[in-house]
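Q: Here you go, sequence then predicted model.
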Amino acid sequence: MRYGGDNRGRLLLIVLVVTSLFLITLDLRGVKVIEGIRTATQTALSPVQKAGSWAVSPFRNFLSDVTHLGRTRNQIEKLKADNDALRLALLNRKNADAQLGQLKSVLDLAGNGGFKVVNAKVISQGSSTSFTQTITIDAGVNSGIHTNMTVITGFGLVGVVKEAYSGSAIVQLASDPSFRIGARIAGSQQIGILSGQGTRKGVLQLLDNTEEVKVGDAILARGSANGRPFVPGVPIGEVTAVDNSASAITQTADVKFYTNFSTLGVVAVVISSPAADPRDSLVPAKPRPTPIPTVTVTATPSPSPSSKG
């Protein structure tokens, strides 16, 4: 039995060798038998490969998404940080532009009035132990600023220095209810006392009731001895309403301050009075109304029918 098995093994080996030589001979003569077998095998296995690829594809995509998820999240966080930085830079630029505009306007007013000033930034706004409406500025005694000095902005009066420290000072705003200043009306030169009311509106009580106060009149600082606490000629505000009852001993007028106290960023402290009173030269110019264009139409009469004969 063992010899029979050996004979069958030898026979199978001989058949395989002969078949291999036969296929090699055909391939060398140009007959694509092996390629055909390979193609047939690939065709037979193609559905199985597609099914395997379809089954494995979701897992492959999931692994790819997980791999890129961290990278995408980092990119999103970086974009958010860049966006926040750009917003902050834009906000700082807007603030800088606004402060530059306030600085230019206050220097223009000081130059026209002949005031020697020290510029300062507003670092806080609120109340103090003595006053309900104040601002704190970043300049003080080291810059030549002392108590009872006039503080202005490009629009006019801001208030008066009440406390001065080495590098800062507290300014009482003109809107403070305890604020008082001697004022006069531009043009008529009527004098009175203007008081703060806690808002952007002040009340002016005139000492003379003989001349009429009109809505739109400009109110200026009368000035103090040696320019402290107030230098003369500083614009204060404009009359918005008048109470000139015949029974009243004095006239009373509501005054809207030129300065908007809620938007203060840069101010100037007047450290010396002008050589001469600027009088009414600092009154803000009122905008001129835009003229309405007019159209002229010229009518030409047509000839009468009787003139054709």
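A: Looks like it came in fine.

Q: can you point me to the longest strand in this protein?
A: strand 116-126 (DSSP state E).

Q: Show the contacting residues for residue 135.
A: By C-beta atoms under 8 Å, 6 or more residues apart in numbering, the contact set of residue 135 is 122, 124, 125, 158, 159, 170, 171, 173, 261, 264, 267. Every residue, glycine included, has its C-beta placed from N, CA and C.

Q: for residue 167, same thing?
A: Residue 167 touches 138, 139, 140, 142, counting by C-beta under 8 Å, 6+ apart.

Q: Just the element for residue 93, please.
A: According to DSSP states H and E, residue 93 maps onto helix 33-113.

Q: Outside of stretch 269-276 itself, list whatever touches it.
A: 110, 113-118, 120, 137, 139, 144-145, 149-152, 161, 169, 223, 226-227, 231-233.

Q: let's go with 6 Å and repeat that
A: By C-beta atoms under 6 Å, 6 or more residues apart in numbering, the surrounding residues in contact with stretch 269-276 are 113-118, 144-145, 149-151, 227, 231.

Q: Narrow those residues to just the buried residues.
A: Burial by neighbour count, 16 or more other C-beta atoms under 10 Å: within those this picks out 113, 114, 115, 117, 118, 145, 149, 150, 151, 227, 231.

Q: Run through the residues that contact the first one.
A: What it means is residue 113. When contacts are counted by C-beta under 6 Å, 6+ apart, residue 113 touches 233, 274, 278, 282.

Q: nearest residue to the first one other than its sequence neighbours?
A: Distances taken as C-beta to C-beta, 6 or more residues apart in numbering put residue 278 closest to residue 233, at 3.7 Å, once the chain neighbours are dropped.

Q: pLDDT score for that neighbour?
A: On pLDDT, residue 278 comes in at 93.

Q: Now do it against residue 83, distance only.
A: Counting by C-beta to C-beta, to the nearest Å, the gap from residue 278 to residue 83 is 49 Å.

Q: between these two, which one's more packed in?
A: Ranked by neighbour count (other C-beta atoms under 10 Å), residue 278 and residue 83 place residue 278 first, with 19 against 10.

Q: The more buried one is in contact with residue 232, isn't it?
A: No: the criterion here is C-beta atoms under 6 Å, and residue 278 misses it with residue 232 at 7.0 Å.

Q: follow-up on the earlier one: mind giving me the PyMOL command for buried ones among the contacts of residue 135?
A: Of the contacts of residue 135, the buried ones go into a single PyMOL selection, burial set by 16+ other C-beta under 10 Å:
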select buried, resi 122+158+159+170+171+173+261+264+267
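
Q: Residue 104: which of the contacts of residue 135 is nearest?
A: Of all these, residue 267 has the smallest distance to residue 104: 13.2 Å, by C-beta to C-beta.

Q: doesn't that closest one fall inside a helix?
A: No: going by DSSP: H, G, I helix; E, B strand; the rest coil, the assignment for residue 267 is strand, not a helix.
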